[in-house]
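**Student:** Here's a sequence, model it:
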Amino acid sequence: MFASQSSSSSQTCSSSQWQIAVEQLLVWLVFLGHVGLLVPEVNEPYYLAKAKFFWNPSWCPKDFFLQTGDGHAVYCWMFGWLTQVLSLPTTAIVGRVMICGFFAVAWQRLLMAVAPTRWLSVIAAALFVLLTSRLHMAGEWALGGVESKGFAYAAVFAALAAIVRNRWNLGWVLLGGATALHGLVGGWALLATAFGWCWLSNDSERPTLRSMLPAIFAGVLIALTSVVPGLRLSSGVDPQIATEASWVQVFKRLPHHLSPQQFFLQPGWWNIPFGVRFALLGIAWFAMQRRLRDAPSRRLAAIVMGSLAIAILGLIIAVVFRNDELTAARLLRFYWFRLADVLLPAGAATAVVATIASTRVARPLFSGGMMALVLLIGMGHMAAVANWHLAQDIPAADRKFLKSNEKYRHWTRACDFARNETPADAIFIVPIHAHTFKWYADRADTGVWKEMPQDAKSVMDWWHCLSDVHRGADGWRKSLNEASPQHLQAMAARYNAQYVLTESDPPLPFPKRFENGSFTIYQLVPRKDNPQNGREMDRN
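**Tutor:** Presented below is the predicted three-dimensional model:
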């Protein structure tokens, strides 16, 4: 009899594990379907180029951006080695599969704790990617191209899955790992979780601070592997330079993420301002969350409220210092709205399915109707996303710069020529939005808009270089062809560039190395008599 019971228990356990694996696979397919496989995504040339250079400094050896300080060394060390055995496009695809896989496991475990009903995590996953893509406030996302924050968010959600089960010690360690992968993502998550622990003072099962201290200490030690290099990026820099770099970052390069004056009332989906949409989502989440009394839901809600408290503090800073941009920039550069953009949609998605699970016995018609509606919305979103991905021929990283398939093909052919027919240490002047040049050409460039460095001094060097090369008396030039030949020759001398890759029309009076219907590569030899060429020359 006992042998029969043991066999039955083993079969039940095996069946349960099989169901978990299938559920996680379906969540992974939802996440991967949302992300897509067309490469490169907007930020992948930035992060994967850094990761490749980390492991191989002989790649694009004279590229200014690649040689600047890096706050994501742990990510580069853990993931960048793949760039040495795989091409950048293949590395991007493998990275997306990995991030979606890690995230799927964490998500399914989180949902089974909050809404312990099979397959609801799949529906919640579709709702989550819909809400993050449509109802964000500051443009943050957790699932997209391959970069350090994708792995960091997977670790954050693994921590949440542990904490909602009251395994706080494991959660603190995982949050330390998230911070090591991305200082701001993990750091804000640590603070939001600390807020949540304080908020749950009436939770009888909440562990004491003393019992958590060893795990908190371990998490902090892990986090320091990223925090210390990040702090070194700004150490020893003149305070004025650091302030100017913050101003460039917040109000020039990244206002759509960092400055509420830029994004809060900007119209978005259905022409509703980003801030208003986000506020409506918060109200809906709060209304649903009030009806959920179970401990896992309350623990998750407390951490979501922590992320909202951080975002509200960021809004207060923006309002208080609205007439003092320099002070505002020094404070707003820390991405106060990043975590809430992800955790509020996650909280809303989990609250919806938790409501479905908690009412299925007492109110089956309500639960079934809500289930049908959410399923319809989720399937509709995934179908729309799939249709959108299938219609795209130009990768996201190229769409702002290349407006047609023909121009995209011409661009990649020009980059192929640069890779095959120019020296490995050549430096190019390229259009300001051509940040896929290194991705396709394996050659250095003087600087592009997307590739803002992370340390203050390099930010200002980058900003001055862009202004030197791409700005005229009337503002930013739309094309390098608008600059005079004398200006381009002077820029080649200043920044040690040997080539210019730009639009073919109108032509420039330099020797041509390559030409097609859209782009031309010209050879520019820096003047040998210039004793001050390079970025350190006096720009006054």
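**Student:** how far is stretch 442-461 from where the chain is centred?
**Tutor:** Put simply, stretch 442-461 sits 18 Å off its chain's centre (CA atoms, centre = their mean, to the nearest Å).
**Student:** For the strand or helix carrying A493, buried residues please.
**Tutor:** Taking DSSP states H and E as the criterion, the element that holds A493 is helix 485-494. For helix 485-494, a neighbour-count test (16 or more other CB atoms under 10 Å) marks 488-494 as buried. To be clear about C-beta, it is placed using only N, CA and C from the backbone, and glycine gets the same treatment.
**Student:** Need the residues that contact the next helix or strand after that helix.
**Tutor:** As assigned by DSSP H and E, the chain's next helix or strand after helix 485-494 is strand 499-503. Contact with strand 499-503 is made by 414-415, 418, 422, 426-431, 434, 437, 479-481, 488, 492, 508, 510, 513, 518-524, as judged by CB atoms under 8 Å, 6 or more residues apart in numbering.
**Student:** run the last query once more with 7 Å
**Tutor:** By CB atoms under 7 Å, 6 or more residues apart in numbering, the residues outside strand 499-503 that reach it are 414, 418, 422, 426, 428-431, 479-481, 488, 510, 518-524.
**Student:** Listing partners with orientation, what would you give for it?
**Tutor:** Looking at strand 499-503 with DSSP bridges, its partner strands are strand 427-429 (parallel), strand 519-523 (antiparallel).
**Student:** chain center to the shortest one, what's the gap?
**Tutor:** Centroid displacement of strand 427-429 relative to its chain, using CA atoms, centre = their mean, is 27 Å.
**Student:** so how far is A351 from L281?
**Tutor:** Distance, L281 to A351, by CB to CB, to the nearest Å: 11 Å.
**Student:** Of the two, which one has the most company?
**Tutor:** Neighbours per residue (other CB atoms under 10 Å) separate L281 from A351, with A351 holding more: 26 against 19.
**Student:** just to confirm, which helix or strand has that one in it?
**Tutor:** A351 belongs to helix 338-359, assigned by DSSP H and E.
**Student:** again with I317
**Tutor:** In this structure, I317 sits in helix 295-320 according to DSSP H and E.
**Student:** Mind checking the pLDDT average for that helix?
**Tutor:** Summarised as a single mean, pLDDT over helix 295-320 is 98.
**Student:** and it, how far out from the chain's middle?
**Tutor:** On the basis of CA atoms, centre = their mean, helix 295-320 sits 20 Å off its chain's mean C-alpha point.
**Student:** That one to helix 338-359, inter-axis angle?
**Tutor:** If you take axes from the mean of the first three to the mean of the last three CA atoms, to 10 degrees, helix 295-320 sits at 150 degrees to helix 338-359.
**Student:** What segments of the protein are strands?
**Tutor:** Taking DSSP state E to define them, one finds strands in the chain at 427-429, 444-445, 471-472, 475-476, 499-503, 512-515, 519-523.
**Student:** Which one, of those, ends up nearest to Q262?
**Tutor:** Q262 lies closest, by CB to CB, to one member of the strands of the chain: strand 475-476, at 17.3 Å.
**Student:** Name the surrounding residues that touch the closest one.
**Tutor:** With contact meaning CB under 7 Å, 6+ apart, strand 475-476 is reached by H470.
**Student:** That one: partners in the sheet, and parallel or antiparallel?
**Tutor:** Counting by DSSP bridges, strand 475-476 is paired with strand 471-472 (antiparallel).
**Student:** Settle this for me: V35 is touching A142, isn't it.
**Tutor:** No. Checked against CB atoms under 7 Å, the pair V35 and A142 is beyond contact range at 10.4 Å.
**Student:** contacting residues around the closest residue to T193 other than its chain neighbours?
**Tutor:** Ranked by CB to CB, 6 or more residues apart in numbering and with sequence neighbours excluded, the top spatial neighbour of T193 is I303, at 5.4 Å. I303 makes contact with 160, 192-193, 196, 343, according to CB under 7 Å, 6+ apart.
**Student:** Same question for K450.
**Tutor:** K450 neighbours (CB under 7 Å, 6+ apart): 46, 435.
**Student:** Same check on the one 3 residues further on?
**Tutor:** Under the criterion of CB under 7 Å, 6+ apart, the contact partners of P453 comprise 65, 68-69, 459, 462.
**Student:** Among those residues, show me the least confident.
**Tutor:** Pick the lowest pLDDT in the contacts of P453 and you get G69, at 88.
**Student:** distance of the closest residue to A348 other than its chain neighbours from I303?
**Tutor:** Once flanking residues are discounted, A348 sits nearest to W285: 4.3 Å by CB to CB, 6+ apart. As judged by CB to CB, W285 and I303 stand 13 Å apart.
**Student:** hang on, the earlier thing: figure out which of the strands of the chain is closest to L221.
**Tutor:** Within the strands of the chain, the stretch nearest L221 is strand 444-445; the backing value is 37.0 Å (CB to CB).
**Student:** Could you name the helices and strands sitting against the closest one?
**Tutor:** Where contact means 3 or more CB pairs under 7 Å, 6 or more residues apart in numbering; DSSP states H and E, strand 444-445 is packed against strand 427-429.
**Student:** tell me the average confidence for the strand it packs on?
**Tutor:** So the average pLDDT for strand 427-429 ends up being 98.
**Student:** returning to that earlier point: the helix holding A493: how far from the chain's middle?
**Tutor:** Counting by CA atoms, centre = their mean, helix 485-494 is centred 35 Å from the centre of its parent chain.
**Student:** Now do that helix against strand 499-503, angle only.
**Tutor:** Using the same axes, to 10 degrees: helix 485-494 against strand 499-503 is 140 degrees.
**Student:** Tell me which other helices or strands helix 485-494 touches.
**Tutor:** strand 427-429, helix 456-470.
**Student:** Could you point out which of the ones you listed sits nearest L376?
**Tutor:** For L376, the closest of the helices and strands packed on helix 485-494 is helix 456-470, at 46.7 Å, according to CB to CB.
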